[in-house]
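K.L.:
Provided below are the primary sequence and the corresponding predicted coordinates.
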Amino acid sequence: MKKSFLLFSVLAFAGTVGIAQNYPDANQTLPEKMGWMQGFPPPQEKTLHASDGSFFEFPALRYSVNHIREFFPTRNVSSGNGKKYTLKTKLDPEIGKITFTPWDSDKPMTFEESLDANYTDGIIVMHKGKIVYEKYPAGLEPDGLHAAMSVSKSFTGTVASILVAQGKLDPSKKVAEYIPELKDSGFADATVRQVMDMTTAIKYSEDYNDPNAEIWAYSAAGNVFRPANYSGPKNYYEYLATVKKLPDAEHGDAFGYRTVNTELLAWICSRVTGQGLAEMVSEMIWKPLGAHYDGYYQLDTSGIAFAGGGFDLNLRDMAAFGEMMRCNGKLNGKQVIPEAAVKDIALGGASSEYKAAFSKGGYPKLEGWSYHNMWWKTNNSHGAYMARGVHGQAIYIDPAAEMVIARFASTYYASNKYIDPLSIPAYEAVAEYLIKK
């Protein structure tokens, strides 16, 4: 078994994989052209496996992102039987023609051209509550579900923000007050707020080029395909108890994008509510939203939902969720989640202190940004903020332009540092176009 695929979800969702060269373009790698998993049984050379990682090697991942449930155990996120949201559609053919210049380039491209450049599987642009642009270039169907990858972190952060707004979760409390099992871990004296903002000073690396990085122990703890002689932590929670604090470092000083913070936050929320993450997302967000499709979470060996990157959902439902966030927690006139929770996500974390902490996180292209409640804040003049996942997953919310963009993709490069140069300026160009309408 390839070590790099012990647990694909951690590898893929954390987003530090480097860019590869000379891969075939988006049109050449369309899942229907590649013929993955077609036939009864499929030919051996077209059969994908999770146990050896072949299901997530490019271009196979272009198929797999739409079929995660076929490879791993999962838990349903029920949308319930209540009233469903409605979205009006008024497509604007000019959006595809909008031009922008990618970062570090002097060659403009159109928004439409950027879709294939980013191996887009599906994208929706909403303006003032209406769908004004919707495309499904590869693999994904309008009624399909797609891996959200690290966009999942923002759903976990939203659950926590709801609990804070309801007075059920105190962000000033120390982790050990909620999770006594971690009293001897590096997380013990961190506050819940520091976990929510990923400013915990823990000894944990997600550098996949380092064979001794802690990511591998974390991966093995949740890997459902681990070898029989494995003797380490048996699930995510057991792994969290092994995490140590960085010597001579203080919680709250620096931002560090570490997936284990999201696992811990979900555990804290579960301890508060007595529910698993899938149930919390269903009861607090999916059912009140009136989502049209059940989602699902990938599970570890003990049935614990992978909070940092395991959520799979429908594109229109994700766009509706983004629109609800843009409208301070309301959709179709209904208050879905507390307004205070949305305002803390949208407006919190913009101070110089947050920006200073973020500047230590190693994101030179995102100067002036910050991170709060597991959402990325641009702090630009429009007040835009976003959920981000590797391989091109995104929810981009621009309050000033009254715009929401939801995108699923399957790029061969994982890290957002290769995706942002084509994506962020494209989103900003669409916002500038829509703000004038």
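P.N.:
Sure, I can see it.
K.L.:
ok, Asp104 - contacts?
P.N.:
Pro421 (CB atoms under 8 Å, 6 or more residues apart in numbering). For the C-beta atoms, the positions are set from N, CA and C on the backbone; glycine is no exception.
K.L.:
wasn't it part of a strand?
P.N.:
No. Secondary structure assignment (DSSP: H, G, I helix; E, B strand; the rest coil) places Asp104 in coil, not in a strand.
K.L.:
contacting residues around the residue nearest in space to the middle of the chain?
P.N.:
The chain has Val151 as the residue nearest its centroid, 1.5 Å off, counting by CA atoms, centre = their mean. For Val151, the contact set (CB under 8 Å, 6+ apart) comprises 311, 318, 387-389, 393-395.
K.L.:
hang on, Trp376 in a strand?
P.N.:
Yes. Read with three-state DSSP, Trp376 is one of the residues of a strand.
K.L.:
wait, it sits on Trp369?
P.N.:
Yes. Shown here, Trp376 and Trp369 form a contact pair, counting by CB atoms under 8 Å, at 6.4 Å.
K.L.:
what about those two, which has more around it?
P.N.:
Trp376 (26 against 22; other CB atoms under 10 Å).
K.L.:
for His146, what are its contacts?
P.N.:
His146 touches 65-66, 121-122, 140, 312-315, 393, 408, counting by CB under 8 Å, 6+ apart.
K.L.:
which of these has the most neighbours?
P.N.:
Greatest neighbour count in the contacts of His146, by other CB under 10 Å, goes to Phe408: 32 neighbours.
K.L.:
SS state for it?
P.N.:
Once three-state DSSP is applied, Phe408 turns out strand.
K.L.:
repeat for Ala221
P.N.:
helix.
K.L.:
surely it and Lys234 touch.
P.N.:
Yes. Because the distance of 6.9 Å satisfies CB under 8 Å, Ala221 is recorded as touching Lys234.
K.L.:
pull up the overlap in contacts between the two.
P.N.:
Thr301.
K.L.:
between these two, who's got more neighbours?
P.N.:
The residue with more neighbours, out of Ala221 and Lys234, is Ala221; 27 against 16, by other CB under 10 Å.
K.L.:
how close does that one sit to Val151?
P.N.:
For Ala221, the distance to Val151 (CB to CB, to the nearest Å) stands at 23 Å.
K.L.:
could you do Ala220 as well?
P.N.:
Distance from Ala220 to Val151, counting by CB to CB: 25 Å.
K.L.:
with Thr301 instead?
P.N.:
Thr301 is 24 Å from Val151, by CB to CB.
K.L.:
what do you get for Ala201?
P.N.:
Distance from Ala201 to Val151, by CB to CB: 26 Å.
K.L.:
tally of neighbours for the nearest residue to Ala201 once chain neighbours are set aside?
P.N.:
Take Ala201 and drop its neighbours on the chain: the residue closest to it by CB to CB, 6 or more residues apart in numbering is Ala249, 3.7 Å away. As a burial measure, Ala249 scores 14 neighbours (other CB under 10 Å).
K.L.:
before we move on, what about Gln194?
P.N.:
Neighbour number of Gln194 under other CB under 10 Å is 22.
K.L.:
measure how far stretch 131-138 is from the centre of its chain, please.
P.N.:
20 Å (CA atoms, centre = their mean, to the nearest Å).
K.L.:
likewise stretch 215-222?
P.N.:
Put simply, stretch 215-222 sits 19 Å off its chain's centre (CA atoms, centre = their mean).
K.L.:
could you do stretch 357-366 as well?
P.N.:
With CA atoms, centre = their mean, you get 19 Å for stretch 357-366.
K.L.:
strands of the stretch 51-200 of the chain, residue ranges please.
P.N.:
74-77, 88-89, 99-100, 109-110, 120-127, 130-135, 146-147 (DSSP state E, counting those that start in this stretch).
K.L.:
what's next to stretch 234-250, contact-wise?
P.N.:
Here stretch 234-250 has contacts from 181-182, 184-187, 189, 201-204, 214, 217-218, 221-222, 232-233, 251, 260, 263-264, 267, 300-302, 304, 306, using CB under 8 Å, 6+ apart.
K.L.:
how about that stretch: buried residues?
P.N.:
234-243, 245-246 (16 or more other CB atoms under 10 Å).
K.L.:
same deal with stretch 373-388?
P.N.:
Neighbour counts using 16+ other CB under 10 Å place 373-379, 382-388 of stretch 373-388 among the buried residues.
K.L.:
which two in the residues you listed are spaced the farthest apart?
P.N.:
Met374 and His382 (20.7 Å; CB to CB).
K.L.:
could you give me the average pLDDT of stretch 242-252?
P.N.:
Stretch 242-252 carries an average pLDDT of 96.
K.L.:
so where's this structure uncertain?
P.N.:
Counting by pLDDT under 70, the chain shows low-confidence ranges at 1-21, 208.
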